[in-house]
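K.L.:
Sequence and predicted structure below; questions after.
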Amino acid sequence: MEEINALFHGFSVALTPFNLLLMFVGVTLGVLIGVLPGLGGANGIAILLPLTFTMPPTSAVIMLSCIYWGALFGGAITSILFNIPGEPWSVATTFDGYPMAQQGRAGEALTSAFTSSFIGAFFAVIMITFLAPLVAKFALQFGPPEFFSVFFLTFCSFIGMGKEPPFKILVAMMIGFALAAVGIDTVTGQPRLIFDWHELMRGFDFLIAVIGLFGIGEILLSMEEGLSFSGRSAKINTKIVIETWKKLPQFWITSLRSCVIGCWMGITPGGATPASFMSYGIAKRMSKDGAKFGTGQMEGVVAPETAAHAAGTAALLPMISLGIPGSPTAAVLLGGLLIWGLQPGPLLFVEQKDFVWGLIASMYLGNIAGLIIVLTCVPLFAAILRVPFSIIAPIIIVICAVGAYTVHNAMLDIWLMLLFGVIGYAFKKLAYPLAPLVLALVLGDQAESAFRQSMLISQGDVSVFFSNGLVGSIMMLALLMLFWPALTKLKETLKSKMA
Amino acid sequence: MSDKHETAGRGISMRSAEIVVALLVLVMGSVVVYDSLRLGAKWAEDGPEAGYFPFYIGALICIGGGVTLIRALLGKGIKKDALFVEFEVLKPVLSVLLPAAVFVFGIQMIGIYVASALYIAVFMVWLGKYSWIRGAVVGCGVSAVMFMTFEVWFKVPLFKGEFNPLSFIGY
């Protein structure tokens, strides 16, 4: 099968000494980022992105994706040892992970978490290996109307499937689009929304927004809890690892189910966080030990971790094959690809085979590297959180500021980062979702240009979006998603009237 | 914007916060619509004008903000007496945010390296109650590491500030 051939070619690209070094460095940095508050996956990648400009794109993206894996693994460490989720998707891991640690079974919890993550991600990477080229081939038939309809579907599903009030989702999304529109209009060359402030001609960079919203905002939010990092100590040695591995296979159904949930949520704009909660909830209901969830059940750690990692990985599938990121972190990676002049989407598979398959191959390797590193270095990472808050907090903020500056060498960006931090804090508290904002900021320009090109082709006729079966059905699905909350409410009111 | 309720903790009420943010959203939406109209939001002969897309974006922001504002004014979807943030809890948040703002201003004036060293040192002494010596050591240490990493190793110049106190180093 040509996919296997391409994959082995990708391995040959990925397995150079330099790239292997980057993989280990990347994973280590990633775990560090996942462990520290305020330096989450999306934020950490955003900060480190400018540093990779000097590397060849393939190496750079390998390192960045390994940082991504590292962050996925790292979030579990603090959840289990400190009951502090390092990432939003590790919240569900605290439910059973921390009780396990309290009972002295931290090593077991960590091993099962890491192994489950590895399995979830591996499952998703295999899926990507076989599905991505298919999706890309299919998408080669896409013209501007089809692309716009896919963007439209993505954004409508945010509104339809989101748990926040629909109008707040709309506002967040539209703010993202508005921020994306600031700058010079690419078609007419006119300055938009600049108000004679020359500094704004560059437009708002999504990296600054991400660092502010997810970094500074996160830190401000965690200040509310007060920060007392008093955690359990963890001992992982080979004996514990092997013992845990012996116990894990009995949960294979939960594992498989979580993989599927994760892959589905990753591909659709759901992401790792809803995937982990959904998987935990379903496992609780379907397991024979369901009632004991929350008291330290290993299954309660397996379910969310497998799903979260499967989702995090699967989010890369629509990103590389269609150019639509399935999560904020994937959005940052997408932005990085755009900066390097690589256009993610179906053409990437045709024009940049080395790059794409090198990336996919590195996903396998990065996962293995990640598992090895976390299993061996947990005490080290846990020790970092013992550094007192008054030392670590300013250092994290300094790192964020430097990260914001290095994007465009602009002082204004650091101020903007602070502003986005406050916005992130307020929005989180008021239930305005951040993910659609970031996605709209990253995709805004492309969505608009797809729309304009479609309009140009059709000479202003909106029905171009229903002109053939494919684009018409995607648009119908999108509209269904968009009005889903209204429809369900209608159904409920009708039901209660008739009862 | 504080609205004191007779609840367990005193703080900014959720309702006030929702109203203020919704108003700000409305303002933002109107600004976007205003500029779109300036650019022209209609259909020119060769396709949509520059303001076409942003106009609808701005309009949707206004609609979304307006609906949220009305819901907030009516008190829908907000738990009774819910607080956006308690004053007690706001203090630690501000204790991070305000020094950070001063830090950023410091970057503008004296550059990243000096500002970071000062920021870390002051934070450690003020909030962590460490001695001045410890604060200075960590602050300068971190700053020096950053300097070596960026200026020397990666050759990425960072902002030296309007007054550039470190100009004697020659970078």
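P.N.:
Sure thing, it's come through. Numbering: from 1, shown residues only, chains lettered A, B, ... in the order given.
K.L.:
hey, where'd the helices end up in chain B?
P.N.:
B:14-39, B:52-74, B:87-110, B:112-128, B:132-147 (DSSP state H).
K.L.:
winner for burial among those?
P.N.:
helix B:112-128 (a mean of 23; mean count of other CB atoms under 10 Å in any protein chain shown). (Each C-beta comes from the backbone N, C-alpha and C, glycine too.)
K.L.:
Can you name every helix or strand that it contacts?
P.N.:
helix A:389-408, helix B:87-110, helix B:132-147 (3 or more CB pairs under 8 Å, 6 or more residues apart in numbering or on different chains; DSSP states H and E).
K.L.:
can you list the weak-confidence ranges in chain A?
P.N.:
Scanning chain A for pLDDT under 70 picks out A:1, A:37-38, A:40-41, A:86, A:161, A:225-237, A:269-271, A:382, A:384-386, A:499.
K.L.:
Turn the helices and strands packed on helix B:112-128 into JSON lines, including distance to residue A:498.
P.N.:
Shown next, in JSON lines, are those (distance: least, CB to CB, whole Å):
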{"stretch": "helix A:389-408", "distance to residue A:498": "55"}
{"stretch": "helix B:87-110", "distance to residue A:498": "46"}
{"stretch": "helix B:132-147", "distance to residue A:498": "67"}
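K.L.:
closest one to residue A:134 among the ones you listed?
P.N.:
Of all the helices and strands packed on helix B:112-128, the one in closest proximity to residue A:134, counting by CB to CB, is helix A:389-408 (35.3 Å).
K.L.:
The helix or strand following that closest one and chain B, are they touching?
P.N.:
Scanning forward in sequence from helix A:389-408 by DSSP states H and E, the next helix or strand is helix A:411-429. Yes - Helix A:411-429 reaches chain B (CB under 8 Å from any CB of the partner chain) through A:411, A:414, A:415, A:418, A:421, A:422, A:425, A:426, A:429.
K.L.:
Farthest pair within those residues?
P.N.:
Pairwise over those, using CB to CB, the maximum falls at A:411 and A:429, 28.7 Å.
K.L.:
Now the residue in the stretch 51-200 of chain A that chain B sits nearest to. Nearest residue, chain neighbours left out?
P.N.:
The minimum distance from the stretch 51-200 of chain A to chain B, using CB to the nearest CB, falls at residue A:171 (3.8 Å). Nearest residue to residue A:171 in three dimensions, chain neighbours excluded: residue B:64, at 3.8 Å (CB to CB, 6 or more residues apart in numbering or on different chains).
K.L.:
go on, residue A:310?
P.N.:
residue A:262 (2.7 Å).
K.L.:
residues contacting the one you found?
P.N.:
By CB atoms under 8 Å, 6 or more residues apart in numbering or on different chains, the contact set of residue A:262 is A:120, A:123-124, A:272, A:275, A:279, A:306-312, A:314.
K.L.:
which of these tops the neighbour count?
P.N.:
residue A:308 (39 neighbours; other CB atoms under 10 Å in any protein chain shown).
K.L.:
Where does that one sit: helix, strand or coil?
P.N.:
Secondary structure, DSSP: H, G, I helix; E, B strand; the rest coil: residue A:308 is helix.
K.L.:
returning to that earlier point: just the local confidence number for the residue nearest to residue A:171, please.
P.N.:
At residue B:64, the model reports a pLDDT of 89.
K.L.:
Check the contact between it and residue B:25; I expect there is one.
P.N.:
Yes - counting by CB atoms under 8 Å, residue B:64 does reach residue B:25; the two are 7.0 Å apart.
K.L.:
list residues touching both of these two?
P.N.:
Common neighbours of residue B:64 and residue B:25 (CB under 8 Å, 6+ apart) are residue A:171.
K.L.:
Is the residue nearest to residue A:310 within a helix or a strand, and which one?
P.N.:
helix A:252-267.
K.L.:
what about that helix, distance to the chain center?
P.N.:
Per CA atoms, centre = their mean, to the nearest Å, the displacement of helix A:252-267 from the mean C-alpha position of its chain is 16 Å.
K.L.:
quick one: buried residues of that helix?
P.N.:
Neighbour-count burial for helix A:252-267, counted by 16 or more other CB atoms under 10 Å in any protein chain shown, picks out A:254-255, A:257-267.
K.L.:
Quick one: end-to-end distance for stretch B:34-53.
P.N.:
Taking CA to CA, to the nearest Å, stretch B:34-53 runs 13 Å from one end to the other.
K.L.:
where are the low-confidence patches of chain B?
P.N.:
B:1-9, B:44-47, B:153-156, B:164-171.
K.L.:
Try it again at 90.
P.N.:
Chain B contains residues with pLDDT under 90 at B:1-20, B:31-58, B:64-65, B:67-100, B:104-171.
K.L.:
Spit out the contact partners of the residue of it found nearest chain A.
P.N.:
Of all residues in chain B, the one sitting closest to chain A is residue B:128 (2.7 Å; CB to the nearest CB). Going by CB under 8 Å, 6+ apart, residue B:128 touches A:388, A:389, A:390, A:391.
K.L.:
Drop anything exposed from these.
P.N.:
Here, 16+ other CB under 10 Å leaves A:389, A:390, A:391 buried among the contacts of residue B:128.
K.L.:
The second one against residue B:121, yeah?
P.N.:
No - checked against CB under 8 Å, the pair residue A:390 and residue B:121 is beyond contact range at 10.9 Å.
K.L.:
The helix or strand harbouring residue A:59 and chain B, are they touching?
P.N.:
Assigned by DSSP H and E, residue A:59 belongs to helix A:57-82. No - figure legend: helix A:57-82 not in contact with chain B (CB under 8 Å from any CB); closest approach 13.6 Å.
K.L.:
Could you point out the helix or strand that follows that helix?
P.N.:
helix A:91-102.
K.L.:
Go through that following helix and flag the buried ones.
P.N.:
Result for helix A:91-102 [16+ other CB under 10 Å]: buried residues A:91, A:92, A:93, A:94, A:95, A:96, A:97, A:98, A:99, A:100, A:101.
K.L.:
Name all residues that make contact with the closest residue to residue B:68 other than its chain neighbours.
P.N.:
Spatial nearest neighbour of residue B:68, excluding adjacent residues (CB to CB, 6+ apart): residue B:22 at 4.4 Å. Residues near residue B:22 by CB under 8 Å, 6+ apart: B:65, B:66, B:68, B:69, B:72.
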